[in-house]
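Novice: A structural model of the following input is requested.
(one chain, ligands or ions: 1)
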Amino acid sequence: MEKITAAITAVQGYVPDNVMTNEDLAKIVDTSDEWITTRTGIKERRILTDGASSDMAAAAVAQLLEKKGIDPLEIELVIVATVTPDYPFPSTANVVCDKTGMKNAWGYDLIAACSGFIYALTTGAKFIESGHHKKVLVIGVDKMSSILDYEDRTTCVIFGDGAGVVLLEPNTEGNGVLDSILKSDGAGRHYLIQPAGGSANPPTHKTVDERMHFVKQEGQQVFKFAVTNMAEVSAEIMEKNNLTSEDVDWLVPHQANLRIIDATAKRMGLPSEKVMINIQKYGNTTAGTLPLCLWDYESQLKKGDTLILSAFGGGFTWGAVYLKWAY
Ligand code: UT7
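Specialist: So this is what the prediction gives:
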């Protein structure tokens, strides 16, 4: 029997129209365009002023289905990677299915912070590889502005809102998801966390007063782990699959910090032309960064191109996916 791989056969992004520049932020908190640009590479980010994560995801899904000419009823499974679900429950996947008419799909949300998309992509691929499903949507979406403290300059300048979706379908030409290495270390949970709102610290007046529903990050600590682990796991997946830097056409890195991206590319021996970067215009959209990169660079991708997707985020979670572009 022919080996079935899960290929990305379409990609679509959605970002809100509303742009928040570094200058806009400098009017709210004690920061500057110079600091944000040199420390992170970010110039501006998009902010959703009206609506929820499901609205961005649904917009991306609707556009993807339209451009591929696929009836929503054909989609069998929807996995939504997010840390900003519409509600603790029901899942954002349920809401997106309802908003886009995917009445025959089942779905669920997956929390792996900035690694959410590679976790979800790997998981979704299994349902295709097993022969169980023929059409799976993997979505990375976050409305980070809903959990940002605009009095905390160390976090509010970094993140933005956005969504991306890919369609996975069976492939027998050897293209698609070929390998992944996924890791986690819960000992890192204190360094990047939304402390309240879950069962550990349910919402109370105190949690609100103490601003515990917002993202808290010890930036330097996270940076240290991110820069090492994202580079290491990217090199590891290359070695495991006997790939040299010449074999890799594109690095698709999580967009948290240009310095982390540069270190990863350097460790892999890749020149900057092979690295997808859009952090300057969207900031860190958490689960949204990787599909938004694929969307932005779609026109430059060729059938058979070798891609390494790589991410690091809260949890800690991190990993890399090796795939061949299918169209
Ligand atoms: O995506 C999930 C994973 N997250 C990451 O990968 C993020 C990893 N961390 C980082 O990218 C970086 O640590 C940051 C961009 C968050 C911060 O950059 P940094 O070079 O590590 O800065 P720092 O935290 O060491 O702060 C340096 C200085 C401090 O002032 P002092 O103590 O030297 O006087 C901060 O108070 O910069 C100050 N600072 C700011 N200044 C202007 C912190 N945030 C700002 C700001 N504007 N927005």
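Novice: Please count neighbours and contacts with C-alpha atoms only from this point.
Specialist: Noted.
Novice: Up against the ligand, what does the stretch 51-200 of the chain have?
Specialist: C114, R153, T154, V157 (C-alpha under 6 Å from any ligand atom).
Novice: From Q217, how far off is the third one?
Specialist: The one in question is T154. Counting by C-alpha to C-alpha, to the nearest Å, the gap from T154 to Q217 is 8 Å.
Novice: swap in the second one?
Specialist: Between R153 and Q217 the distance is 11 Å, computed by C-alpha to C-alpha.
Novice: what do you get for the first one?
Specialist: Counting by C-alpha to C-alpha, the gap between C114 and Q217 amounts to 13 Å.
Novice: and the two? which has more neighbours close in?
Specialist: In this view C114 and Q217 are compared by other C-alpha atoms under 10 Å, and C114 has more residues nearby, 31 against 17.
Novice: returning to that earlier point: from the residues of the stretch 51-200 of the chain next to the ligand, list the buried ones, please.
Specialist: The neighbour-count test (16 or more other C-alpha atoms under 10 Å) applied to those identifies C114, R153, T154, V157 as buried.
Novice: and the closest residue to A311 other than its chain neighbours, how many neighbours does it have?
Specialist: Leaving aside its chain neighbours, A311 sits nearest to H254 (4.7 Å; criterion: C-alpha to C-alpha, 6 or more residues apart in numbering). The number of residues packed near H254 is 33, by other C-alpha under 10 Å.
Novice: Could you give the backbone dihedrals for H254?
Specialist: phi -60, psi 140 (degrees, to the nearest 10).
Novice: got it, and I118?
Specialist: Per degrees, to the nearest 10, the backbone of I118 is at phi -70, psi -30.
Novice: ok, now which ones touch it?
Specialist: Neighbour list for I118: L309, S310, A311, G319, A320, V321 [criterion: C-alpha atoms under 8 Å, 6 or more residues apart in numbering].
Novice: hmm, try it at 7 Å
Specialist: I118 sits next to V321 when contact means C-alpha atoms under 7 Å, 6 or more residues apart in numbering.
Novice: Make 7 the starting number, not 1.
Specialist: Sure thing, new numbering starts at 7, so read that last one as I124.
Novice: So for it, what's the pLDDT?
Specialist: Predicted confidence (pLDDT) for I124: 98.
Novice: do the same with M7
Specialist: You'll see M7 listed with a pLDDT of 65.
Novice: right, and the pair among the residues of the stretch 57-206 of the chain next to the ligand with maximum separation?
Specialist: Greatest spatial distance among those (C-alpha to C-alpha): C120 and R159, at 19.8 Å.
Novice: so how far is V172 from K74?
Specialist: Distance from K74 to V172, by C-alpha to C-alpha: 11 Å.
Novice: Count the residues that sit near the closest residue to the ligand within the stretch 7-156 of the chain.
Specialist: Closest to the ligand within the stretch 7-156 of the chain is T37: 3.6 Å, counting by C-alpha to the nearest ligand atom. By other C-alpha under 10 Å, the residues close to T37 number 17.
Novice: cool, K280 as well?
Specialist: Should you count by other C-alpha under 10 Å, K280 turns out to have 15 residues around it.
Novice: Mind pulling the model confidence for it?
Specialist: 98.
Novice: wait, isn't it in contact with D255?
Specialist: Yes - under the criterion of C-alpha atoms under 7 Å, K280 makes contact with D255 at 6.0 Å.
Novice: Chain neighbours aside, what residue packs nearest to the residue of the stretch 7-156 of the chain closest to the ligand?
Specialist: Per C-alpha to C-alpha, 6+ apart, closest to T37 is R159, 6.8 Å.
Novice: Next, L329: secondary structure please.
Specialist: strand (DSSP: H, G, I helix; E, B strand; the rest coil).
Novice: Then G113?
Specialist: Look at G113: counting by three-state DSSP, its state is strand.
Novice: so who does it touch?
Specialist: L83, V84, I85, A99, N100.
Novice: and V171, that one's in a strand?
Specialist: Yes - under three-state DSSP, V171 sits within a strand.
Novice: Which of the helices or strands spans M244?
Specialist: helix 225-246 (DSSP states H and E).
Novice: coming back round to it: from the residues of the stretch 57-206 of the chain next to the ligand, which ones fall inside helices?
Specialist: Assigned to helices by DSSP state H, the following of these qualify: R159, T160.
Novice: Name the nearest of the residues of the stretch 57-206 of the chain next to the ligand relative to S305.
Specialist: Nearest to S305 among these, counting by C-alpha to C-alpha, is C120 at 24.6 Å.
Novice: so who does the closest one touch?
Specialist: T292, A293, A317, F318, G319, G320.
Novice: what about the last one, how many neighbours?
Specialist: Using other C-alpha under 10 Å, G320 has 27 neighbouring residues.
Novice: check contacts around the residue most central in space within the chain.
Specialist: What sits nearest the mean C-alpha location of the chain, by C-alpha atoms, centre = their mean, is A293, with 2.6 Å. Contact partners of A293, counting by C-alpha under 7 Å, 6+ apart, are A87, T88, A119, C120, S121, G122, F123, G146, V147, D148.
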